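Enquirer: sequence isn't available, so here's the structure alone:
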């Protein structure tokens, strides 16, 4: 079977590799479509951790269950269409018994296994990590597996800080793969949304996704404060940073009201360094900073239901073949893709 393999840092090759066989409680999935995530760029370039080559790539997919390993029949059936990935982290396995798993945070489980390698014609995955799809969800909705799930989990965290429906939140990187989901999810959950991105094309797209107000990143602080003084928007209770740039975190902090919350999601390259927080201003303003690392299986099911009801839709900015993966990653890195890019495998 064909699979995308990173044989050298910075470049992917399409190789012929053996078709896998499912083991205990595992499923062989015939991959139909895969989503291309910004984190794939960082993986290929070794921006985060030094992964020895060669290694497979891809962590969000939709496919058909083709074969079952022993015990997998308890969870899925042959022929069912499923979504897999869960953002990669713990998408392949979690223990289910530790304090983190029992708290709904399998991505922190010490025994978690990363899901990686769905840029291929077939993939073997743990049956418990699959969500069966209703007919309302199309194969092009594959980015829900990571971008959608991560945005959904991040916005759900707001209620834990007393930020409920009706409050105004800013979404940094609102026109991106995560961002366009974030805007829709926030609106579906009842929030007022300020969409922040760069350039008129992306701002227009963000408005179409449902944002109440859109502002350019270069004018965000001044514009938001002006609109607040004029009574056109409420002050910003939370900033959800979905852009993978350190500058996005710094901007998110600047936009917050007293007592506001920054939800850190996007993962910049380590070479960008850190963002700074002045303790004096941070403490006096009573700010909170939290993070979101993907989501869990129950949140995936909840998100699929929202999408099936038509409340969250996937915008595809680029559809390509597996052989075009290098070109797609280059376009994504250059910011040329609005929404999400996908690859058709079959």
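Expert: Alright, I've got the coordinates. Since this is a predicted model, take the numbers as computed values, not measurements. Numbers count the residues shown, from 1 in each chain.
Enquirer: enumerate every residue touching the residue nearest to residue 299 when sequence neighbours are not counted.
Expert: Residue nearest to residue 299 in three dimensions, not counting chain neighbours: residue 153, with 5.2 Å by Cβ to Cβ, 6 or more residues apart in numbering. From N, CA and C alone the C-beta is placed, and that goes for glycine too. Contacts of residue 153 were listed using Cβ atoms under 8 Å, 6 or more residues apart in numbering, and they are 292, 294-296, 299.
Enquirer: out of these, who's nearest residue 173?
Expert: residue 292 (13.5 Å; Cβ to Cβ).
Enquirer: count the neighbours of the residue lying closest to that closest one once chain neighbours are set aside for me.
Expert: Leaving aside its sequence neighbours, residue 292 sits nearest to residue 154 (Cβ to Cβ, 6+ apart; 3.9 Å). Residues within reach of residue 154, counting by other Cβ atoms under 10 Å, total 29.
Enquirer: surely residue 65 is in contact with residue 83?
Expert: No - judged on Cβ atoms under 8 Å, residue 65 makes no contact with residue 83 at a distance of 11.6 Å.
Enquirer: the more surrounded of the two?
Expert: More neighbours surround residue 83 than the other of residue 65 and residue 83, with 30 against 23 (other Cβ under 10 Å).
Enquirer: got the contact list for the more buried one?
Expert: If you count contacts by Cβ under 8 Å, 6+ apart, then residue 83 has 60-62, 130-131, 133, 137, 142, 144-145, 300, 304 around it.
Enquirer: tell me which residues are up against the host helix or strand of residue 240.
Expert: Applying DSSP states H and E as the criterion places residue 240 in strand 236-241. Contact with strand 236-241 is made by 151, 154-155, 158, 161, 163, 167-173, 182, 186, 194, 224, 248-249, 251-253, 255-257, 259-266, as judged by Cβ under 8 Å, 6+ apart.
Enquirer: how is the chain divided into domains?
Expert: Listed by automatic domain parsing, the domain ranges of the chain are 2-146+295-344, 150-291.
Enquirer: these into TSV, with extra columns for mean pLDDT?
Expert: What follows is the domains of the chain, written out as TSV (pLDDT from 0 to 100):
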stretch	mean pLDDT
domain 2-146+295-344	95
domain 150-291	92
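Enquirer: burial count for residue 235?
Expert: 15.
Enquirer: ignore the last one, residue 88
Expert: 24.
Enquirer: so it touches residue 59, yeah?
Expert: Yes - Residue 88 lies in contact with residue 59 (Cβ under 8 Å); the separation is 3.5 Å.
Enquirer: joint contacts of these two?
Expert: Common neighbours of residue 88 and residue 59, using Cβ under 8 Å, 6+ apart, are 39, 114-116, 146.
Enquirer: residue 29: which of these is nearest?
Expert: Once Cβ to Cβ is applied, the member of these that ends up nearest residue 29 is residue 115, at 11.4 Å.
Enquirer: the closest one is in what secondary structure piece?
Expert: Counting by DSSP H and E, residue 115 is found in no helix or strand.
Enquirer: contact partners for it?
Expert: By Cβ under 8 Å, 6+ apart, the residues touching residue 115 are 59, 84-86, 88, 90-92, 125, 129.
Enquirer: next, give phi and psi for it.
Expert: Dihedral pair for residue 115: phi -90, psi 120, per degrees, to the nearest 10.
Enquirer: nearest spatial neighbour of it, chain-adjacent residues omitted?
Expert: residue 91 (3.2 Å).
Enquirer: contacts only, for the one you found.
Expert: Counted by Cβ under 8 Å, 6+ apart, residue 91 has contacts 59, 84-85, 113-115, 125, 129, 294.
Enquirer: now for the residues you listed: which two are most distant?
Expert: Top of the distance list for the contacts of residue 91 (Cβ to Cβ): 125 and 294, 15.5 Å.
Enquirer: neighbour-wise, which of those two wins?
Expert: Legend: neighbour count by other Cβ under 10 Å for residue 125 and residue 294, higher for residue 125 (27 against 24).
Enquirer: look at that one and give its secondary structure.
Expert: Three-state assignment for residue 125 (DSSP: H, G, I helix; E, B strand; the rest coil): strand.
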